[in-house]
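K.L.:
The sequence isn't on hand, but the structure is:
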Ligand SMILES: Nc1ncnc2c1ncn2[C@@H]1O[C@H](COP(=O)(O)OP(=O)(O)OP(=O)(O)O)[C@@H](O)[C@H]1O
Ligand SMILES: [Mg+2]
């Protein structure tokens, strides 16, 4: 293991320890904020896996909803322990995604964007329409929190630890995927789809794979959210929310693994500090989005290149 | 039977609105290659303008309508000049910019109208046309559909019979070739978005007296416009109009006999089906492989 | 049995017949020339063989197996690889990564072993293969350079390297010498011969007649989508119909 990797690992461990002590010094609603922010980081990082193939989907947040509903219904209606229903949320979202691959990946680019939007809206409308079991517009409530010994997961601090642990594991997996051959192939599919095909890459399979894996992880994110909030409604997963994900990814920059994370953190903190503006906040977001696209098309990550260089994975060295 | 005939009439009126919404979206996409997500919000601004000028300040409905058209057209022009033009050749950039505008316009509506219940505008053409006992068409709706059809006919005339309209279609067909022939792309884009904005403003102004006015009313508009655009064939105006009427029938009838949610769901699924089977839409040209 | 058999293949785009009823066969180990004026249907033929588009009629047989109708990645899997008329590389990746993408077929990994690092063996084999091919194509000095930074000649070599890493039996090369100066052309011809010697059958589309005549033992001529004639370079050079086709102008001019 090289020095760079060691220092990286040390940095990450220090960050994790910092994050573990942090909530003890925060006010209640900041603890809340920290939980949602951590979940949202998983949302954007899993979305990035999708964008690696060059396709921008608008269905990601709906897949989060699929996970949320799966876990909510399994634990509340069928009495599954949350420890089982949470991973099942990932499985559920992955399965739905696998089914959707057939129609969705017959499209690319703009058609895919619009197609994914349409399919997502249709799923959301299904939640509204089928009162049994989805609870219609008002969704599902009184969803149980996880249980473990005597820990009170209604309390934000233990729940934050749970979220932190799950999200960290997920991020490590996503990072490894991106830096494996599979990640390389996803890049290849994006940049020169026909060249990839001509050397034997099944582009359909890789696009589907990225979508399914992204959905599994965002499904888990949905479960994490739903067991903290205690309720789930179709409106939490509307295209408005999807747009925020897009904004985080784009403002943060989607060229590296950590760009979207940076975007989510910076914009969420900004959003939090604008809390007093209430419903006027979207305008600030809108203006920021435009400013980012016009003046910083590569995202926040392009601003301090040194930070980026530090985070950048060591290039695949040839043996010897 | 009554419900049936009433639904037929309603379908045509709906179809007029759907066509107005979609045609503007198609025009901008065709000529500029930008998906304007804020198109629904442009319609919303048209409706709010009428609400402010007519209901709050007592200006006549027709002058308010004209101002709405001009105002939205102006907003469209601003978007073209400052947001879309610098992002030529970057469809994602243009799309994201339009999402930014969407948020800003929604908040602007909130600032102007405040929170609280949806706004309504008292119909300036009250009364109802009653035909044979069972058919009732409010005069306001008659007025709306008449103006909508007139606007679409005017657009058709403009696009097919004038030199400017011809240059618009040329750019939509093949940007490079049009530029080589000396067509000014920037000017053509401004005309496209100007017309698109005017149609959106008009649609909003016509909707104002017959529907609820609230900041996120554009959501429904954009979904419908997408469905109609895709089903009709991206870039095909006649396809959009045809699809608008067909979809209006589907939507009105499914809403009348089942529910509005199912109606929209059907629309979305049909759109996905079209995307899969014939991505160029019912009237789209066959593109080469 | 021939390695590749084209049987009565036609391809129509709307009213235009880009290929009509073309048949020919390529033997194992050949360097076959496929020539013809602009718009004759050469690239279209390649696209059909490699599965990027399907013939409207007719059949394409590779090693005794009908492959028309298969997807490109399946055909690549069977051993046919295509280089593109425009230089196509993964510009954003390094030379080494470019070659590694091509090794896809050898190191096809599943996501679990990729995450858990269980595919080390496969990966190191892919690396070895990539390095070997880069060495073979004379690119080992440039491994860490970005593909976009290479000079034209090396870019073309890399394009061929990518194709080679997938372990092809048959390589379809579309105008590999276009835009090259005589020195670059000479080097590229050397490489092409070397690739062929290593056991890869080659079909070469090229407008540079000197290169084609120098490399190929046998040449197939297309004109307006039909098979005009076939023969040795000597025969083709003196064939009236071929001279006529080239002088008589093509559709594009
Ligand atoms: N996708 C397509 N749609 C319509 N026509 C096409 C398509 N692809 C090729 N053609 C037409 O088919 C004919 C053959 O084209 P092709 O590209 O195969 O020629 P070529 O022999 O490779 O020419 P060149 O030497 O210029 O590369 C041309 O007339 C071309 O315009
Ligand atoms: Mg060609």
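P.N.:
Here it is on my side, so go on. Not measured: the values here are computed from a predicted model. Residues are numbered from 1 along each chain as shown, chains lettered A, B, ... in the order given. Ligands and ions are numbered 1, 2, ... in the order given.
K.L.:
Model confidence score at the closest residue in space to residue C:4 that isn't next to it in sequence, please.
P.N.:
Nearest residue to residue C:4, sequence neighbours excluded (CB to CB, 6 or more residues apart in numbering or on different chains): residue C:26, at 4.2 Å. C-beta here means a position set from N, CA and C on the backbone, and glycine is covered the same way. Predicted confidence (pLDDT) for residue C:26: 93.
K.L.:
Next: residue C:241.
P.N.:
Per-residue pLDDT puts residue C:241 at 83.
K.L.:
ok, now which ones touch it?
P.N.:
Taking CB atoms under 8 Å, 6 or more residues apart in numbering or on different chains as the criterion, residue C:241 is in contact with C:223, C:228, C:229.
K.L.:
Residue C:34 is in contact with the first one, correct?
P.N.:
No. Assessed by CB atoms under 8 Å, residue C:223 is found out of contact with residue C:34, at 11.8 Å.
K.L.:
Of these two, which one has the most company?
P.N.:
More neighbours surround residue C:34 than the other of residue C:223 and residue C:34, with 25 against 21 (other CB atoms under 10 Å in any protein chain shown).
K.L.:
for the chain, what's the longest helix?
P.N.:
Assuming you mean chain A. helix A:203-229 (DSSP state H).
K.L.:
The intended chain is chain B.
P.N.:
Chain B, longest helix under DSSP H: helix B:2-32.
K.L.:
got the buried residues for that one?
P.N.:
By neighbour count on 16 or more other CB atoms under 10 Å in any protein chain shown, the buried set for helix B:2-32 is B:6-7, B:9-32.
K.L.:
Am I right that residue C:204 is in a strand?
P.N.:
Yes. Counting by DSSP: H, G, I helix; E, B strand; the rest coil, residue C:204 is located in a strand.
K.L.:
where exactly do the helices run in the chain?
P.N.:
Picking chain A for this. Taking DSSP H as the criterion, chain A carries its helices at A:3-21, A:28-52, A:60-76, A:82-104, A:109-129, A:131-134, A:156-178, A:181-191, A:193-198, A:203-229, A:239-252, A:258-273, A:281-295, A:305-311.
K.L.:
my bad, the chain I had in mind was chain C
P.N.:
Under DSSP H, chain C gives helices at C:42-50, C:72-78, C:95-102, C:111-116, C:120-136, C:152-165, C:182-197, C:209-215, C:233-238, C:240-247.
K.L.:
ok so, going back, the longest helix of chain A: how far from the chain's middle?
P.N.:
On the basis of CA atoms, centre = their mean, to the nearest Å, helix A:203-229 sits 7 Å off its chain's mean C-alpha point.
K.L.:
And stretch B:196-204, by the same measure?
P.N.:
7 Å.
K.L.:
Could you pull up the residues touching residue A:93?
P.N.:
Residue A:93 makes contacts with A:63, A:64, A:66, A:67, A:70, A:215, A:216, A:218, A:219, A:220, A:222, as judged by CB under 8 Å, 6+ apart.
K.L.:
That one - nearest residue in space that isn't next to it in sequence?
P.N.:
Distances taken as CB to CB, 6+ apart put residue A:219 closest to residue A:93, at 2.6 Å, once the chain neighbours are dropped.
K.L.:
burial measure for residue B:179, as a count.
P.N.:
Residue B:179 is flanked by 14 other residues according to other CB under 10 Å.
K.L.:
Does it touch residue B:185 like I think?
P.N.:
Yes. At 5.5 Å, residue B:179 counts as touching residue B:185 under the criterion of CB under 8 Å.
K.L.:
between the two, what contacts are shared?
P.N.:
Common neighbours of residue B:179 and residue B:185 (CB under 8 Å, 6+ apart) are residue B:171.
K.L.:
ok, and what's touching stretch A:152-159?
P.N.:
A:23-24, A:28, A:31-32, A:34-35, A:145-147, A:151, A:162, A:227-228.
K.L.:
from those, which single one is nearest chain C?
P.N.:
Compare each of those with chain C using CB to the nearest CB and the shortest gap goes to residue A:162, at 21.8 Å.
K.L.:
so what's residue 175 up against?
P.N.:
Looking at chain A here, since you left the chain open. Applying CB under 8 Å, 6+ apart, the residues contacting residue A:175 are residue A:257.
K.L.:
Hmm, no, I was thinking of chain C.
P.N.:
C:85, C:205, C:206, C:207.
K.L.:
Just the pLDDT for it.
P.N.:
On the pLDDT scale, residue C:175 gets 88.
K.L.:
Skipping its backbone neighbours, what lies nearest it in space?
P.N.:
Closest to residue C:175 by CB to CB, 6+ apart is residue C:85, at 5.1 Å.
K.L.:
Bridge partners for residue B:135, pull those for me.
P.N.:
residue B:131 (DSSP bridges).
K.L.:
ok, it - contacts?
P.N.:
Residue B:135 neighbours (CB under 8 Å, 6+ apart): B:5, B:6, B:9.
K.L.:
Before we move on, what's the pLDDT of the closest residue to residue A:117 other than its chain neighbours?
P.N.:
The shortest distance from residue A:117 to any non-neighbouring residue, by CB to CB, 6+ apart, is to residue A:58 (4.0 Å). At residue A:58, the pLDDT value in this model is 89.
K.L.:
Out of the helices of chain A, the one nearest residue B:215 is which?
P.N.:
helix A:281-295 (9.6 Å; CB to CB).
K.L.:
Quick one: list the elements packing against that closest one.
P.N.:
helix A:239-252, helix A:258-273, helix B:91-113 (3 or more CB pairs under 8 Å, 6 or more residues apart in numbering or on different chains; DSSP states H and E).
K.L.:
Show me which residues of the stretch 51-200 of chain B sit near chain C.
P.N.:
Residues of the stretch 51-200 of chain B found near chain C (CB under 8 Å from any CB of the partner chain): none.
K.L.:
From residue A:113, how far off is the residue nearest to residue A:117?
P.N.:
Relative to residue A:113, residue A:58 is positioned 6 Å away (CB to CB, to the nearest Å).
K.L.:
List the residues that contact the closest residue to chain B within the stretch 151-300 of chain A.
P.N.:
Closest approach between the stretch 151-300 of chain A and chain B, counting by CB to the nearest CB: residue A:286, at 3.0 Å. By CB under 8 Å, 6+ apart, the contact set of residue A:286 is B:99, B:100, B:101, B:102, B:103, B:104, B:107.
K.L.:
Disregarding residues adjacent in the polypeptide, which is nearest to the third one?
P.N.:
The shortest distance from residue B:101 to any residue that is not its chain neighbour, by CB to CB, 6+ apart, is 4.2 Å, and that residue is residue B:38.
K.L.:
who touches the one you found in this structure?
P.N.:
Counted by CB under 8 Å, 6+ apart, residue B:38 has contacts B:79, B:98, B:99, B:101, B:102, B:105, B:218.
K.L.:
residue ranges with poor pLDDT in the chain?
P.N.:
All of this is about chain A. For chain A, residues meeting the criterion pLDDT under 70 lie at A:1-4, A:150, A:153, A:299, A:301-320.
K.L.:
meant chain C, my bad for not saying
P.N.:
Using pLDDT under 70, chain C drops low at C:87, C:104-109, C:247-253.
K.L.:
Tell me how far residue B:243 lies from ligand 1.
P.N.:
27 Å (CB to the nearest ligand atom, to the nearest Å).
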